[in-house]
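[1] Predicted structure and sequence below. I'll ask about it afterward.
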Amino acid sequence: MATSLDNLLVPDLGEIAKAVGDTVSSGLFLPELGVTLLRVALGFALGFAVSLVVGIGMGRNPVVRRFFEPAVLLGLTVPSLVWALLCVIWFGVGLANPVIAVALSAAPALTLNIYQGITSISGDLIEMTHVYRFPLGRRLRYLWLPAVQPALFSGARIGLSLSWKVIVLVEVFGMSSGVGYQLNNEFGAQNVAGVLAWTLLFGVVMAILEYGVLQGLERYFTRWRKASSV
């Protein structure tokens, strides 16, 4: 269809493939991708740390749950575009901008999944840890974290999918580097093939991280469940 239209705004597969090759061979893609991934990693780590504390607190204490539940539900409904715009306004072009935007996008889904995982823990197991006076560190390591692993990985998938969206928006609106910044440059030049090339390459990297890294970690950390079911 693109060939029959013969329109610069609708590139054919050959033009897109050439744009992909040019982007990779230019030496620009990996450095820009590295910048974007670093921002996502820092933001997701911050969101994970906050979600772990808040999610466990919500699952263990009704007062904490009632206090944070409205904020979590509100966070789930706020579009990524809003977080991106607000963080650009609040934090400018510094590193705090993308990191906090990613954390705000990922934290609600992570918190909700951790909370649901905590509430699913058997009351008998919780009572046993109190009877044997397990310290907080041992309870966290041997009870709470193993119990919430499935919910944690599910929340991580949702949180990361939101993180990829918000980081590109932040880089489009308020950064001078990263994949989103390059997408904005191609858009400004009306280079549709270039926009598609960056989008495809970024999508391939996200698929590798999802299927090659995240699912691999999930299989590794939940291997005890398969062993116990044999």
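    That came in fine, so what should we check first? Residues are numbered from 1 along each chain as shown.

[2] For residue 74, grab the count of nearby residues.
    One way to gauge burial is a neighbour count; for residue 74, by other Cβ atoms under 10 Å, it gives 10. All C-beta atoms are positioned from the backbone trio N, CA, C, and that covers glycine.

[3] separation between it and residue 153?
    Residue 74 sits at a distance of 24 Å from residue 153 (criterion: Cβ to Cβ, to the nearest Å).

[4] center of the protein, which residue is that?
    The geometric centre of the chain, computed from its C-alpha atoms, lies nearest to residue 160 (Cα atoms, centre = their mean), at 1.8 Å.

[5] That residue reaches residue 214, doesn't it?
    Yes: checked against Cβ atoms under 8 Å, the pair residue 160 and residue 214 is within contact range at 7.3 Å.

[6] Quick check: buried residues in the helix or strand where the residue nearest to the centre of the chain lies?
    For residue 160, the element it lies in under DSSP states H and E is helix 145-174. For helix 145-174, the buried set under the neighbour-count rule, 16 or more other Cβ atoms under 10 Å, comprises 145-160, 162-174.

[7] One more: stretch 180-198?
    When neighbours are counted by 16+ other Cβ under 10 Å, the buried residues of stretch 180-198 are found to be 180-184, 186, 191-198.

[8] Dump those residues to a markdown table, plus secondary structure.
    As requested, the buried residues of stretch 180-198 are exported to a markdown table (DSSP: H, G, I helix; E, B strand; the rest coil):
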| residue | secondary structure |
| --- | --- |
| 180 | helix |
| 181 | helix |
| 182 | helix |
| 183 | helix |
| 184 | helix |
| 186 | helix |
| 191 | coil |
| 192 | helix |
| 193 | helix |
| 194 | helix |
| 195 | helix |
| 196 | helix |
| 197 | helix |
| 198 | helix |
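
[9] With pLDDT and distance to residue 89 as added columns, please give the residues you listed in CSV.
    Below are the buried residues of stretch 180-198 laid out as CSV (pLDDT from 0 to 100; distance: Cβ to Cβ, whole Å):
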residue, pLDDT, distance to residue 89
180, 92, 17
181, 93, 18
182, 93, 23
183, 93, 21
184, 92, 18
186, 91, 25
191, 90, 29
192, 91, 30
193, 92, 33
194, 92, 28
195, 92, 26
196, 93, 30
197, 93, 31
198, 93, 25
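
[10] Sounds good, over and out.
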